[in-house]
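In: pasting the structure only:
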C-alpha cells in the first residue's frame, strides 16, 4: 500500500482538492487502483450542519455520508464512488474518541492527543486503503501552520514511520506570489511554508506551485535548493481554461512520473486518450446557452459546485458552452421574473433548506412553466414547482410545503407520517442512494436515462404529499419516477411543455465530465434547442 498526503501552503483555496483529484486520474489511467480521502480540521462533525455560505456545498456519497465538496472533485476526476471512510473532520475524530472513552474504551487511562487522537486519525487513514487499493491519496485541509491541523499532520508523520518512508510521500501545494504591478514572482512564502513542514518532521517530496504566470527555471531551481528536492519535483500548476485540462497539464509537467518513481510503482504510461478528447471537445464548443440558476446561496458559488460542473458536463456532450446567470431567489418575484429571466435559455432551481428565498424559486418555476422555458428543479426545486402548480393550476392558493408553512391548509409537500419523529426538524433526512423506477418509455425521464431502474443520491426530508397525487395527474402532471413501492414521487414532468422536469434527488452528484448525467445532458440540449428555434 502506498500513501500520498497532499498539504497546502501560504494560503488556503489553492486547489489541493483539484491536485489530489488530478493525480488520482493520472495514476488510475496507469492501471493503478486509487482512492481519495479528505481530512478537514474544523470541529463540526460533518459539513451537514454548516451553511453552504460557510463552506460550499455538502457532497453526499452513496452510503449517505455528508462530506466536503472536494469529494465531488475526487469522484468527477477518478470516476470512483467514495464512501463515509473518504471523509473525516476533527469534530468526527474527537466525537468518536470521546464516545470510546465514555464507554470504557480507555479504562482508567488518560486520553491524550498523542497517542489517542493520532491513533484515531491513523485508523481512518488506513481504513481508506482497504478493498484492494494500490494508492491512497489523502488531502489535509487548511494550510500548514494552522493549529487545528497539527494532530492530522502528526498522524501523517507517524504513518511514514509505520509504513516506511519508501511507501509514503508528501505533495505540498503552495502559492508562488506575484508582486502587483511588476508581476515579479516570489518563492519566499513557499520556502517559509516548507520550513514550517520541516519543523513538524515532514519533508515534502513534490511541491506543486500555483501561479497565474509561467514559472521561470530560476524560481524552480531556488525552490529545489531551499526545499531539499530535485528540480524536476517542482511542478508548475498554472490556471487552465478548462478545469479538466489540469490532469493533462500536470502530466505534461511530469507529476505522474515523479510520483511513480518516488513510490517505486511499476506501471506504464497513462492512457489519457478519452480524457484528452473530452477536454478538446469542451475547448472547441462553438455554441452557447444561458442557464438561469435561481438559488439563495449564490453569494458563494461553491454552494452549487456540483450543479455547475454537471451543467458543464451537459454542455460538453452538446458541444456547447454553458453560461450561468446567477440569480438570487430573494430578489426574484412574480412581478419581475419575466424581466430577470427573459434572456435565459433554461432555468434551474437547485436544492436548499428553509423559507428564505422560496417565493423567488416558486416564481421561477411559474415563469418557466408559463413561458415554455426548459426547467430543471432539483430537490427543493421540484417542491417549488409542485407548490406553484398547486396554486396556479389547481387553484389551491394557500398551498405550500410544511417546511415553509406548518399551518398551510394544503401541504402538497410534507414529511410522511411514518417518518415523523416529533423532533424540531420533523424527521430524519433521506440520505444517500435510493432506487427509483421510471414510469413509461414515452416519458422525458426514460428518454434521458434509457432504462427503467436507476439509483440516485438524496439529501432531503420532505416529500410530495400523495393525498394530492390524483389531482396533479388529472391536471396534467406526470409522475415519471417513483420509489419501488410506488409511495414516493422521485420525478415529475409536464408532458405538454418543451422540457419541464423536477427530481427529488441530487442528480448533479453522479455527473462526470466524460459521462454527463442524463438529465443535465437533456436539459442543456433542450435549452439549446429553444435558443436555436427562437432565432
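Out: Alright, I've got the coordinates. Please read all numbers here as calculations on a predicted model, not as lab measurements. Residues are numbered from 1 along each chain as shown.
In: Pull the residues that contact the longest helix along the chain.
Out: Longest helix in the chain, counting residues (DSSP state H): helix 518-533. For helix 518-533, the surrounding residues in contact (Cβ atoms under 8 Å, 6 or more residues apart in numbering) are 287, 289-291, 310-311, 313-315, 317-318, 320, 322, 345-346, 348, 372-374, 376, 444-445, 447-450, 498-499, 501, 503, 507-508, 511. Every residue, glycine included, has its C-beta placed from N, CA and C.
In: Kindly recompute the last result at 7 Å.
Out: With contacts defined as Cβ atoms under 7 Å, 6 or more residues apart in numbering, helix 518-533 is touched by 287, 289, 291, 310-311, 313-315, 317-318, 320, 322, 345-346, 373-374, 376, 448-449, 498-499, 501, 503, 507, 511.
In: Likewise for stretch 38-58?
Out: With contacts defined as Cβ under 7 Å, 6+ apart, stretch 38-58 is touched by 66-71, 86-92, 95, 138-142, 146, 148-149, 152, 297, 299-300, 302-306, 459.
In: Give the buried residues for it.
Out: By neighbour count on 16 or more other Cβ atoms under 10 Å, the buried set for stretch 38-58 is 38-42, 45-47, 52, 55-58.
In: which residue sits closest to the spatially most central residue of the chain, ignoring its sequence neighbours?
Out: Centrality entry for the chain: nearest residue to the mean C-alpha point is residue 72, 3.3 Å, by Cα atoms, centre = their mean. Nearest residue to residue 72, sequence neighbours excluded (Cβ to Cβ, 6 or more residues apart in numbering): residue 59, at 4.4 Å.
In: just residue 510 next, same as before
Out: Using Cβ to Cβ, 6+ apart and skipping the chain neighbours, the partner closest in space to residue 510 is residue 517 (5.9 Å).
In: Surely the one you found and residue 507 touch.
Out: Yes. Using Cβ atoms under 7 Å, residue 517 is in contact with residue 507, at 5.3 Å.
In: Would you map the strands across the stretch 251-400 of the chain?
Out: Here the stretch 251-400 of the chain has its strands, by DSSP state E, counting those that start in this stretch, at 287-295, 320-328, 346-349, 375-378, 399-401.
In: Distance to residue 235 for these - can I get that in a markdown table?
Out: Listed next are these as a markdown table, based on distance: least, Cβ to Cβ, whole Å:
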| stretch | distance to residue 235 |
| --- | --- |
| strand 287-295 | 33 |
| strand 320-328 | 29 |
| strand 346-349 | 36 |
| strand 375-378 | 37 |
| strand 399-401 | 50 |
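In: now for the ones you listed, which one comes closest to residue 414?
Out: Distance to residue 414, taken as Cβ to Cβ, is lowest for strand 399-401 among those, at 7.3 Å.
In: For the closest one, which outside residues touch it?
Out: So strand 399-401 is contacted by 383, 387, 390-391, 408, 410-413, 462 (Cβ under 7 Å, 6+ apart).
In: C-terminal to that strand, what's the next element?
Out: Once the chain leaves strand 399-401, the next helix or strand it forms, by DSSP states H and E, is strand 410-414.
In: end-to-end on stretch 324-332?
Out: The first and final residues of stretch 324-332 sit 16 Å from each other (Cα to Cα, to the nearest Å).
In: which parts of it are buried?
Out: Buried residues in stretch 324-332, counted by 16+ other Cβ under 10 Å: 324-325, 327, 329, 332.
In: Do a quick rundown of the helices in the stretch 251-400 of the chain.
Out: For the stretch 251-400 of the chain, the helices defined by DSSP state H, counting those that start in this stretch cover 255-263, 273-283, 305-317, 337-341, 358-371, 380-392.
In: hmm, back to that, I'd say the residue nearest to residue 72 and residue 71 touch.
Out: Yes. Under the criterion of Cβ under 7 Å, residue 59 makes contact with residue 71 at 4.8 Å.
In: Angles on the backbone of residue 13, please.
Out: Per-residue torsions, residue 13: phi 80, psi 20 (degrees, to the nearest 10).
In: cool, residue 158 as well?
Out: phi -70, psi -30.
In: can I assume residue 214 sits in a helix?
Out: No. Using DSSP: H, G, I helix; E, B strand; the rest coil, the assignment for residue 214 is coil, not a helix.
In: Next up, phi/psi of it, please.
Out: Phi and psi for residue 214, reported as degrees, to the nearest 10, are phi -60, psi 140.
In: could you dump the contacts of strand 399-401 to TSV with pLDDT?
Out: Shown next, in TSV, are the contacts of strand 399-401 (pLDDT from 0 to 100):
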residue	pLDDT
383	98
387	98
390	98
391	98
408	97
410	97
411	97
412	98
413	97
462	96
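In: ok, those residues vs residue 164, which is closest?
Out: Comparing these against residue 164 with Cβ to Cβ places residue 462 closest, at 51.3 Å.
In: shouldn't the closest one be in contact with residue 383?
Out: Yes. Taking contacts as Cβ under 7 Å, residue 462 lies within contact range of residue 383: 6.4 Å.
In: which residues do the two both contact?
Out: Residues touching both residue 462 and residue 383 (Cβ under 7 Å, 6+ apart) are 401, 413.
In: Counting neighbours, go ahead and name the busier of these two.
Out: residue 383 (31 against 24; other Cβ atoms under 10 Å).
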